[in-house]
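Student: let's see this in three dimensions:
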Amino acid sequence: LTMNTAFNQQALPVSATEIDQVVSSPYSNLSFVTYQGTGAAGVLPYYVPATTATSPTFGTLSTLQLSSGAQSPVAGIFAPDGSLFFVSTSGDNRVHEVNTTNLTDTGTIDPKLINANGQPVPAQFLAVKSRSTT
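Tutor: Numbering: from 1, shown residues only. Here you go, the predicted model:
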């Protein structure tokens, strides 16, 4: 069986030296890419799949700018309802809250993580715990 399939490839719109994660939303309607990169300037790549299932069109790869001080987005996770994406960044060593509806950085959390020498470091892993709404 031979399948002749052409894959659509597009370059990632950042200078990444290492891809850390491709994180898909709970509803598979949005994905973010976390990475390491020299000279990174707080740019978070995201992918939105095509909305027409019967069309051979491809989705959209774009970026959003995180708030000042952020460099590489190194780890991320979606809120259980998909409304927020939390992303840890080098440079400012904070966790940014990204609104997934309008794709904007709405605020930051300082986890106050330090290494063995007492220097601030970004979170390398994030987890979300669901909580009851009642």
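Student: who touches the most centrally placed residue in the chain in this structure?
Tutor: The centre of the chain sits closest to residue 32, judged by CA atoms, centre = their mean, with a distance of 3.5 Å. Counting by CB atoms under 8 Å, 6 or more residues apart in numbering, residue 32 makes contact with 21, 22, 23, 44, 45, 46, 47, 73, 76, 85, 87, 98. All C-beta spots, glycine's among them, are computed from the backbone N, C-alpha and C.
Student: and if you look at residue 75?
Tutor: Applying CB under 8 Å, 6+ apart to residue 75 gives the contacts 20, 21, 34, 87, 88, 122, 123, 124, 125, 126.
Student: bridging across strands, which residues link to it?
Tutor: Beta-bridge partners of residue 75, counted by DSSP bridges, are residue 88.
Student: distance check, it against residue 36.
Tutor: In this view, residue 75 and residue 36 are 11 Å apart by CB to CB, to the nearest Å.
Student: which residues are in contact with both of these two?
Tutor: Joint contacts of residue 75 and residue 36 (CB under 8 Å, 6+ apart) are residue 20.
Student: before we move on, back to that, in TSV, list the contacts of residue 75 along with neighbour count.
Tutor: Output for these, formatted as TSV (neighbours: other CB atoms under 10 Å):
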residue	neighbour count
20	17
21	18
34	23
87	28
88	27
122	21
123	19
124	10
125	9
126	19
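Student: among these, which are located in helices?
Tutor: Per DSSP state H, helices hold no members of the contacts of residue 75.
Student: for the chain, what spans make up the strands?
Tutor: Assigned strands in the chain, in chain order: 18-24, 31-36, 43-48, 60-65, 73-78, 84-89, 95-99, 104-109 (criterion: DSSP state E).
Student: residue 131: which of those is closest?
Tutor: strand 84-89 (13.4 Å; CB to CB).
Student: which strands and helices sit next to the closest one?
Tutor: If you count contacts as 3 or more CB pairs under 8 Å, 6 or more residues apart in numbering; DSSP states H and E, strand 84-89 packs onto strand 31-36, strand 73-78, strand 95-99.
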